[in-house]
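**Q** my questions are about this predicted structure, shown below with the sequence.
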Amino acid sequence: MNIKLISRYLGVTLIFNGAFMLLSMVVSILNGMDSSFSPLLISGFITTIVGIFPLIFVRQSEDIRLSEGFAITILAWCLSCIFGMLPYLLWGGEFTLANAFFESVSGFTTTGATILNDIEALPKGLIFWRSSTHFIGGVGVVVFTLLVLPTMSTFRFKMTKMEISSLSKENYRFRTKELIRIILSVYLCITIFTHVALCLAGMPAFDAINHAFSIVSTGGFSTRNASIMAFDSFPIEMVVTCFTLISGLHFGLLYSLFVSHSTKIFKSPVIRFFLLSIVISTLSISFNLVHSDMAENWIEALRMALFQVVTISTTTGFATADTSVWPTFSILILLYLSIQGACSGSTTGGLKVDRIWILIQTIKVQMTKLLHPTSVVQIKVGNRRIDSDLSLSVSAFVALYFFMIIIGAIVISAWGLDFMDSFTSSVSMMANVGPAFGSCGSLENYSHFPGMVKVFLSLQMLLGRLEIYPLLMILSIFRVRRG
């Protein structure tokens, strides 16, 4: 494995992170050179310098192997999280080593969980950096890196193949270079339109840009302790709901809709299944809230239910209500939506609704074969046939995903946490949702968790964001080489 080559591409990633730290420093200057100025300046300088060294001393090369590509993918995330916690550590406050690492990983993986008891006490420069980690992580550190890489063909293809799952590429019919441009075009357009819409809805401009970063990345970091509930504004809630839902859809289909006026997005059975799950979940929870006296009337129940269903199903995690005190029926629906997630080809976490759809179709085919052993039945997603390898891969991934959740819950419970905290936080971290239930609910945080649990949860966030396999594959590569 060519360590020098790997370090060169990781250097580009660090330079990009350093640039955002320095941009956050500018925000600090514009706000009277607040207390985050020095931490951001020092962090940005260190990160940029460390990133520059490999570019100076390592020659450019297009010859890269698959194992090196996996190493770059994983290390790009890990180094971003490690260097990303520098501004927190240097600023101090609530940021111990474990807390800073947790907050940084939560930002880059777009999980949105926090250890902060008082977000509003942070200086604006640091708040902007915190939101920037969402913006960088949402589209993928590696995809950002690909924009500035000098090599154009082989390496771009290999890296895109690892950063964008095979499911998400099913609806992309573009070359690799164009694919990256499309992702970023949609990403930036959603960010801009979200910011403008939030300002028009009455949200202050600084809050609007930070929430726009969180919405497009389906992350969930807010500038307020009470999340979106702090604004107590129906127009703001609707803007957040609409753009969060849009951010949960396949970026390739969104691009086709607005650029080539293609209606494929409305014909996709996966999109229909996703939207139907939102409608059914919203109505079910609304009914449950009204009949449990958790809402005064149907309008209030629908308002609360729709917002929570959309933000949880897209793994964003904003809140306008304390869902931990909701009836068990509603909690179980939200827990399922956390695991399901939204569409592949978006910035969301979770299993992805595409996998759920393929799993359902696989079960239907197996039932048909049991009833009619001689029949030949194929799995389809719309008009597209799904081969047996992809079907098996999806089934294996779902099984592995639940196994990781259960193992995570067992490990967390070893520190004395109860079932609700252990299981739901494990689900939340693997799905990159953020809020869980119990003592780490939608209006609470993870500050009271032991330091080692926070580190473990951080590793779960990374495992969920990398979708398990890349990390397992690089470990197996190192094991084979050692053998």
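**A** Structure received. Numbers count the residues shown, from 1 in each chain.

**Q** from the middle of its chain, how far away would stretch 190-206 be?
**A** Stretch 190-206 has its C-alpha centroid displaced from the chain centroid by 21 Å (CA atoms, centre = their mean, to the nearest Å).

**Q** residues in contact with it: which ones?
**A** Identification of contacts with stretch 190-206 by CB atoms under 8 Å, 6 or more residues apart in numbering yields 124, 135, 207-209, 211-213, 215-216, 223, 231, 233, 235-236, 238-240, 242-243, 246-247. (C-beta placed from N, C-alpha, C; glycine too.)

**Q** which of the residues you listed are buried?
**A** Among the contacts of stretch 190-206, those scoring as buried are 124, 135, 207-209, 211-213, 215-216, 223, 231, 233, 236, 239-240, 243, 246-247 (criterion: 16 or more other CB atoms under 10 Å).

**Q** which of these fall in helices?
**A** Residues of the buried ones among the contacts of stretch 190-206 located in helices (DSSP state H): 124, 135, 207-209, 211-213, 215-216, 236, 239-240, 243, 246-247.

**Q** need the max-distance pair from these.
**A** Using CB to CB, the two most remote members of these are 124 and 246, lying 27.2 Å apart.

**Q** downstream neighbour of the lowest-mean-pLDDT helix or strand in the chain in the secondary structure list?
**A** Least confident helix or strand of the chain, by mean pLDDT, DSSP states H and E, is helix 154-163 with a mean of 42. Helices and strands here follow DSSP states H and E; after helix 154-163, the next one along the chain is helix 176-200.

**Q** pLDDT at the nearest residue to residue 451 once chain neighbours are set aside, what is it?
**A** Nearest non-adjacent residue to residue 451, counting by CB to CB, 6 or more residues apart in numbering: residue 98, 3.9 Å away. Predicted confidence (pLDDT) for residue 98: 96.

**Q** contacts for the helix or strand containing residue 98?
**A** Secondary structure assigned from DSSP H and E places residue 98 in helix 97-108. Counting contacts by CB under 8 Å, 6+ apart, the residues outside helix 97-108 that touch it are 77, 80-82, 84-85, 88-89, 95, 111-116, 130-134, 136-137, 141, 219, 221, 434, 446-447, 451-452, 454-455, 457-458, 461-462, 465.

**Q** swap the cut-off to 7 Å and go again
**A** Around helix 97-108, the neighbours that count as contacts under CB atoms under 7 Å, 6 or more residues apart in numbering are 77, 80-81, 84-85, 88-89, 95, 112-115, 130, 133-134, 136-137, 221, 446, 451, 454-455, 457-458, 461-462.

**Q** these, buried ones only, as a ChimeraX selection?
**A** Buried residues among the contacts of helix 97-108 (16+ other CB under 10 Å), as a ChimeraX selection:
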select :77,80,81,84,85,88,89,95,112,113,114,115,130,133,134,136,137,221,446,454,455,457,458,461,462
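
**Q** restricted to helices, list the contacts of helix 97-108.
**A** The helices, defined by DSSP H, take in 77, 80-81, 84, 88-89, 130, 133-134, 136-137, 451, 454-455, 457-458, 461-462 from the contacts of helix 97-108.

**Q** sorry, back to before: buried sites along the helix holding residue 98?
**A** Buried, per 16+ other CB under 10 Å, within helix 97-108: 98-108.

**Q** low-confidence ranges, the stretch 1-150 of the chain, go.
**A** For the stretch 1-150 of the chain, the stretches flagged by pLDDT under 70 are 1, 59-67, 141-150.

**Q** likewise for the stretch 301-450 of the chain?
**A** By pLDDT under 70, the weakly predicted segments of the stretch 301-450 of the chain are 381-383.

**Q** how about the strands of the chain, start to end?
**A** Here the chain has its strands, by DSSP state E, at 379-381, 384-386.

**Q** residue 310 is nearest to which of the ones you listed?
**A** Residue 310 lies closest to strand 379-381 among the strands of the chain, at 23.2 Å (CB to CB).

**Q** and the longest helix along the chain, what does it pack against?
**A** If each helix of the chain is counted by residues according to DSSP H, the longest one is helix 3-30. Secondary-structure packing of helix 3-30 (3 or more CB pairs under 7 Å, 6 or more residues apart in numbering; DSSP states H and E): helix 37-57, helix 66-84, helix 124-139, helix 141-148.

**Q** neighbours around the nearest residue to residue 253 once chain neighbours are set aside, how many?
**A** Closest residue in space to residue 253, ignoring its immediate chain neighbours: residue 265 at 4.0 Å, by CB to CB, 6+ apart. Burial of residue 265 is recorded as 19 neighbouring residues (other CB atoms under 10 Å).

**Q** what's residue 265 in contact with, if anything?
**A** By CB under 7 Å, 6+ apart, residue 265 lies in contact with 249, 253-254, 257, 271.

**Q** give me the subset of these lying in helices.
**A** Judged by DSSP H, the contacts of residue 265 include 253-254, 257, 271 as members of helices.

**Q** make CSV out of these and add pLDDT and neighbour count.
**A** Shown next, in CSV, are the ones in helices among the contacts of residue 265 (pLDDT from 0 to 100; neighbours: other CB atoms under 10 Å):
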residue, pLDDT, neighbour count
253, 82, 24
254, 86, 21
257, 83, 16
271, 90, 22
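
**Q** as a markdown table, those residues with distance to residue 385 would be great.
**A** Formatted as a markdown table, those follow (distance: CB to CB, whole Å):
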| residue | distance to residue 385 |
| --- | --- |
| 253 | 19 |
| 254 | 24 |
| 257 | 24 |
| 271 | 19 |
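
**Q** just the residues you listed now: which is nearest residue 345?
**A** The shortest approach to residue 345 among the ones in helices among the contacts of residue 265 belongs to residue 253, at 7.4 Å (CB to CB).

**Q** alright, calling it a day.
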